[in-house]
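> any chance you can model this:
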Amino acid sequence: MHLSEKIKKAVEQHPMVIAALKTKGRDNWKVFTRTQFNLVARVINREISREVLANPDLVEMNLLIGKQKLEKEMYRLRCHSIFDFLKWLANVSEFRGFSWVSGKTLQSYWNAGEAKDIKVNALLVFLKVPFKDWDLWLKDTGRTSDRYTSAMEKLPSTGTGFSKSSLQIVKSYYLGNYFLYYQKTDGSKNIIKTPFILKEHESGQVIVKSVSEGHRYSGKVIGIRDGCLYINCQNLDFEEMEQYVFNIGLETKPQVLFGVSTTVSVKTRQAVALKNILVKQKTLDPAFDNIQETEIPFSKKYNSDTEEAIIVNYLKQSEANILTAPSCCNLEDLL
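Okay, the predicted model is just below:
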């Protein structure tokens with residue numbers, strides 16, 4: 001993506017930036033020299049460091065610096081923990097500082113260069129934009145997004161410690177059309193079968209689209225860790241989040257993925273975990289996301305071993321397809 005005009009204008013008009021440039025010119029940033037951008041970067045980096053010291057989560061959640069780069073910097077600085085890194089940051093001189101964003105990077109952004117997510121985050125921190133408003137600032141002028149994309153952008157994609165390499169593995173082996181099967185949260189003897197699509201977005205992220213029981217879900221693939229695929233989804237119709245964890249191990253061409261999802265029961269409004277089964281489809285039907293979800297009773301009889309028959313019969317014989325949790329109580333209630 002490119003840096004939005006809103007961010008550019010806010011940086012250009014920032015009082016500290018204006019004060020630092022003084023008589024060095026402030027009219028046309030596209031013709032700025034590297035020296036001018038280095039001066040702006042120094043101001044920005046100084047303020048970001050102050051914000052980081054006040055809010056260490058910005059570093060711990062990898063919002064301003066990638067996990068691998070942070071580890072590399074900590075090794076270079078002989079820091080054994082993030083606490084040591086923050087201690088070093090607090091003691092370093094303002095002139096030396098830490099390079100959250102460089103003058104070279106800023107110069108590229110003001111000349112139509114591609115902007116990396118973490119560097120844009122750094123500029124938003126410098127501008128003291130509240131986290132809840134970040135997605136509004138990230139949109140480029142004239143940029144359009146469908147209902148799934150706009151919702152997907154509201155979900156944080158950093159801060160979980162998942163590496164870019166894990167997302168590359170997802171892109172290489174796990175993109176495609178799936179059917180998702182699970183038992184209904186109300187405990188009835190019915191299975192839900194619904195499309196579940198993993199595809200790469202133009203931003204480079206892997207997004208998820210699904211419609212379940214009339215509820216539209218959109219989400220992001222967070223990444224792979226310890227042989228499990230992590231996905232966060234948001235209900236577009238209700239204030240509800242759904243989180244998926246699928247076992248993948250070392251398999252690179254799985255036909256079936258087993259996992260669990262955590263959500264909230266529509267009827268009881270209590271936490272519930274569901275056993276999930278994903279079955280990958282052999283074709284990439286462009287109209288796959290228009291397929292309606294279906295509700296299949298355990299009592300349905302099949303004449304052949306179709307995909308649906310195998311999965312429904314498996315769940316029919318499986319125990320603990322649904323795990324529910326009670327509301328708060330006193331210890332005495334557990335006796």
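> need the contact list for the nearest residue to Met74 once chain neighbours are set aside.
The shortest distance from Met74 to any non-neighbouring residue, by Cβ to Cβ, 6 or more residues apart in numbering, is to Phe85 (5.4 Å). (Glycine included, C-beta is placed from N, CA and C.) Phe85 is in contact with Val59, Leu70, Glu73, Met74, Leu77, Cys79, counting by Cβ atoms under 8 Å, 6 or more residues apart in numbering.
> now tabulate the residues you listed in TSV and tack on secondary structure, distance to Phe98 and pLDDT.
Formatted as TSV, these follow (DSSP: H, G, I helix; E, B strand; the rest coil; distance: Cβ to Cβ, whole Å; pLDDT from 0 to 100):
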residue	secondary structure	distance to Phe98	pLDDT
Val59	helix	10	84
Leu70	helix	11	87
Glu73	helix	8	89
Met74	helix	12	89
Leu77	coil	10	87
Cys79	coil	12	87
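> and of the residues you listed, the nearest to Asp135?
Val59 (21.2 Å; Cβ to Cβ).
> so the closest one sits against Ser81, correct?
No: applying Cβ atoms under 8 Å, one finds Val59 not in contact with Ser81, separated by 11.3 Å.
> of the contacts of Phe85, buried ones?
Neighbour-count burial (16 or more other Cβ atoms under 10 Å) applied to those gives Val59, Leu70, Met74, Cys79.
> what's the farthest-apart pair in those residues?
Longest span within the buried ones among the contacts of Phe85, Cβ to Cβ: Val59 and Cys79, 11.3 Å.
> hey, which helix or strand in the protein has the poorest pLDDT?
helix 147-153 (a mean of 43; mean pLDDT, DSSP states H and E).
> buried residues in the next helix or strand after that one?
Per DSSP states H and E, helix 147-153 leads on to helix 164-173 as the next helix or strand towards the C-terminus. Across helix 164-173, burial judged by 16+ other Cβ under 10 Å covers Ser166, Leu167, Val170, Lys171.
> which outside residues touch helix 164-173?
Gly66, Leu198, Glu200, Gln205, Val206, Val221, Gly223, Ile224, Arg225, Leu229, Thr252, Lys253.
> list phi and psi for the closest residue to the first one other than its chain neighbours.
In other words, Gly66. Nearest in space to Gly66, with sequence neighbours left out and distances taken as Cβ to Cβ, 6+ apart, is Ile118 at 6.2 Å. Per-residue torsions, Ile118: phi -70, psi -40 (degrees, to the nearest 10).
> where's Ile118 relative to Val206, distance?
Ile118 sits 18 Å away from Val206, going by Cβ to Cβ, to the nearest Å.
> pretty sure Leu89 contacts Phe83?
No: applying Cβ under 8 Å as the test, Leu89 and Phe83 come out as separate, 10.6 Å apart.
> okay, the two: which has more neighbours?
For Leu89 versus Phe83, the count of surrounding residues by other Cβ atoms under 10 Å is larger for Leu89: 18 against 11.
> so the more buried one is in which element?
helix 82-91.
> check which element follows that helix along the chain.
helix 103-109.
> tell me where the stretch 201-335 of the chain has helices.
Remark: helices assigned in the stretch 201-335 of the chain by DSSP state H, counting those that start in this stretch are 307-317.
> err, the stretch 1-150 of the chain, not the other one
5-12, 15-21, 34-54, 57-60, 67-76, 82-91, 103-109, 117-126, 134-138, 147-153.
> distance of the residue nearest to Met74 from Arg78?
10 Å.
> residue ranges with poor pLDDT in the chain?
1, 23-27, 93-96, 139-165, 211-217, 235-240, 250, 266 (pLDDT under 70).
> surely Arg34 is in contact with Thr105?
No: judged on Cβ under 8 Å, Arg34 makes no contact with Thr105 at a distance of 11.0 Å.
> and the end-to-end length of stretch 289-296?
Start and end residues of stretch 289-296 are separated by 19 Å (Cα to Cα, to the nearest Å).
> re earlier: closest one of the contacts of Phe85 to Ser318?
Leu70 (42.2 Å).
> tell me the contacts of that closest one?
So, once contact is read as Cβ under 8 Å, 6+ apart, Leu70 ends up touching Val59, Asn62, Ile82, Phe85.
> how far away is the first one from Gln107?
Just to be clear, that refers to Val59. When distance is defined by Cβ to Cβ, Val59 is 25 Å away from Gln107.
> next, give phi and psi for Ser99.
Main-chain torsions, Ser99, degrees, to the nearest 10: phi -90, psi 90.
> need the contact list for it.
Ala41, Asn45.
> do I have it right that Thr198 meets Ser210?
To be clear, residue 198 is Leu; Thr isn't right here. No: taking contacts as Cβ under 8 Å, Leu198 lies outside contact range of Ser210: 9.8 Å.
> would you list the phi and psi of Leu77?
Here is the backbone geometry of Leu77 (degrees, to the nearest 10): phi -90, psi 0.
> wait, it touches Leu86, no?
No: counting by Cβ under 8 Å, Leu86 is not a contact partner of Leu77; they are 11.2 Å apart.
> distance-wise, check Met61 relative to Cys228.
20 Å.
> same question, Lys104
Lys104 sits 38 Å away from Cys228, going by Cβ to Cβ.
> ok, now Glu60?
Distance of Glu60 to Cys228, given as Cβ to Cβ: 22 Å.
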